[in-house]
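Chemist: Here is my input, please return the structure:
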Amino acid sequence: MTEDIPTKLIYAQNCKQGAVRAVRFNVDGSYCLSCGSDKSVKLWNPHRQLLLKSYIGHGYEVLDAQSSGDNSQICSGGMDKTVMVFDVASGKSLRKYRGHAGTVNCVRFNEESTLVLSGSIDCSVKIWDLKSRKMEPVQVLDESKDSVTCIQVSDYEILTGSADGRIRRYDLRVGKLYADLIGNSVTSVSFTRDAQCVLVSTLDNSLKLMDKDSGEMLNEYTGHKNSDYRIDSCLNSKDTHILSGSEDGAVYIWDLIEAKVIHKLDHEGQKAVHSLTYHPSETCLVTAAGDKMFVWKSKYAASLDT
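Modeler: Sure thing, here's the model as predicted:
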């Protein structure tokens, strides 16, 4: 089913942000964000190759960002230990939270976009209330024994991955924490669309599909290289394929059930593809490598666009 996977490179965009640290689609996939080592966050229309706005305010490299559910705000975090919230339309900084003791690796809004969650090298997840005037976090999740590398949030769950080799799932309905030992440092976590499983990337050149409730490993995906850096992985919009960046300059695509590599997307001689984001409903992938952002679509979709 090659029409279900993005195999055609539409364009490569030099983002002019130094190294691009992360790319993230917004909720409906019409826009995407890029985070740069030049301390900026940029908003793009990747389907038209348009830069819409730049957001400045961080004191050092920006490592992650996300758009709110209504697209009115952007949260970001980086190596200056701060979490920032920007107004999308005006570009102004609305909040700057300074509660972390180290680099902020990952940021996410909750479902209602009333809270921002940030994971840091200081082994904690901090939750910030955007409706409050207080600059302290309303809650701190400090169960991790090492750097918190990644966060995902659903309507009632918080999922974190840590360099201590564990994923932790906080069920907000019953106030419980579930921890699963994966082994190696966790670099990326994501829920499947049906919320029954969790995809986990680890620094041992493998991805694992875990049953969310039992913690059982359902499948393992190998072939790519990931032993040194934090590298993103994700599922496509239909939960039929697994995608991951790699330290050999490619994106690997596996069949979810058979766990076979069915395609590789090469990135113009780049050393490592460390960030990627998949469109929520269409066959479209945006990846980051070096100072560029790459937009991929299926050959079928690309022929319709032209």
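
Chemist: residues near Trp44, how many?
Modeler: Counted with other CB atoms under 10 Å, the neighbours of Trp44 add up to 21. In short, each C-beta sits where N, CA and C put it, glycine included.

Chemist: Could you point out the helix or strand that follows the strand or helix carrying it?
Modeler: Following DSSP states H and E, the helix or strand that holds Trp44 is strand 40-45. Where DSSP H and E defines the elements, the next helix or strand beyond strand 40-45 is strand 50-56.

Chemist: Tell me which other helices or strands that following strand touches.
Modeler: Contacting strand 50-56 under the criterion 3 or more CB pairs under 8 Å, 6 or more residues apart in numbering; DSSP states H and E are the following elements: strand 40-45.

Chemist: now the strand it packs on, how far from the centre of its chain.
Modeler: Here the centre of strand 40-45 is set off from its chain's centre by 15 Å, with CA atoms, centre = their mean, to the nearest Å.

Chemist: in its sheet, what does that strand sit against?
Modeler: strand 32-36 (antiparallel), strand 50-56 (antiparallel) (DSSP bridges).

Chemist: of those strands, which approaches Lys292 most closely?
Modeler: Each of the strands paired with strand 40-45 was scored for nearness to Lys292 using CB to CB, and the closest is strand 32-36 (9.7 Å).

Chemist: Using CSV, list the CA coordinates for that closest one.
Modeler: The C-alpha atoms that make up strand 32-36 are tabulated as CSV, following Å, rounded to 0.1, in the frame of the first residue of the first chain:
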residue,chain,number,x,y,z
CYS,A,32,4.0,23.2,11.2
LEU,A,33,6.6,24.6,13.6
SER,A,34,10.3,24.4,13.4
CYS,A,35,12.7,24.9,16.4
GLY,A,36,16.2,26.2,15.7
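
Chemist: contacts for that strand?
Modeler: Outside strand 32-36, the residues within contact range by CB atoms under 8 Å, 6 or more residues apart in numbering are 15, 17-26, 41-44, 46, 61-67, 74, 76, 78, 277, 286, 288, 293.

Chemist: Check stretch 215-231 too.
Modeler: Residues external to stretch 215-231 that are found in contact with it (CB under 8 Å, 6+ apart): 105, 149-150, 178, 180, 187-188, 197, 201-211, 242, 244-248, 250, 252, 254, 256-257, 259, 261, 272-275.

Chemist: how does it look with 6 Å?
Modeler: Stretch 215-231 is contacted by residues 149, 180, 187, 203, 205-211, 242, 244-248, 252, 254, 259, 261, 274 when judged by CB atoms under 6 Å, 6 or more residues apart in numbering.

Chemist: Buried only: go through the contacts of strand 32-36 for me.
Modeler: For those, burial is judged from neighbour counts taken by 16 or more other CB atoms under 10 Å, and it is met by 15, 17, 19-26, 41-44, 46, 61-67, 74, 76, 78, 277, 286, 288, 293.

Chemist: Out of those, list just those in strands.
Modeler: Assigned to strands by DSSP state E, the following of those qualify: 20-25, 41-44, 62-67, 74, 76, 78, 277, 286, 288, 293.

Chemist: Can you show me the strands along the stretch 51-200 of the chain?
Modeler: Secondary structure of the stretch 51-200 of the chain, counting by DSSP state E, counting those that start in this stretch: strands at 62-67, 73-78, 83-87, 93-97, 104-109, 115-120, 125-129, 139-141, 148-153, 157-162, 166-171, 176-181, 186-191, 197-202.

Chemist: how about a markdown table for those strands, with distance to Glu282 and mean pLDDT added?
Modeler: Compiled in a markdown table, those are given as follows (distance: least, CB to CB, whole Å; pLDDT from 0 to 100):
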| stretch | distance to Glu282 | mean pLDDT |
| --- | --- | --- |
| strand 62-67 | 17 | 98 |
| strand 73-78 | 22 | 98 |
| strand 83-87 | 26 | 98 |
| strand 93-97 | 31 | 97 |
| strand 104-109 | 22 | 98 |
| strand 115-120 | 27 | 98 |
| strand 125-129 | 31 | 97 |
| strand 139-141 | 34 | 96 |
| strand 148-153 | 21 | 97 |
| strand 157-162 | 25 | 97 |
| strand 166-171 | 29 | 96 |
| strand 176-181 | 32 | 95 |
| strand 186-191 | 18 | 96 |
| strand 197-202 | 20 | 96 |
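
Chemist: so can I have TSV of those strands showing distance to Cys35?
Modeler: TSV is the format used below for the strands of the stretch 51-200 of the chain (distance: least, CB to CB, whole Å):
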stretch	distance to Cys35
strand 62-67	4
strand 73-78	7
strand 83-87	11
strand 93-97	15
strand 104-109	10
strand 115-120	14
strand 125-129	18
strand 139-141	23
strand 148-153	14
strand 157-162	18
strand 166-171	23
strand 176-181	28
strand 186-191	15
strand 197-202	19
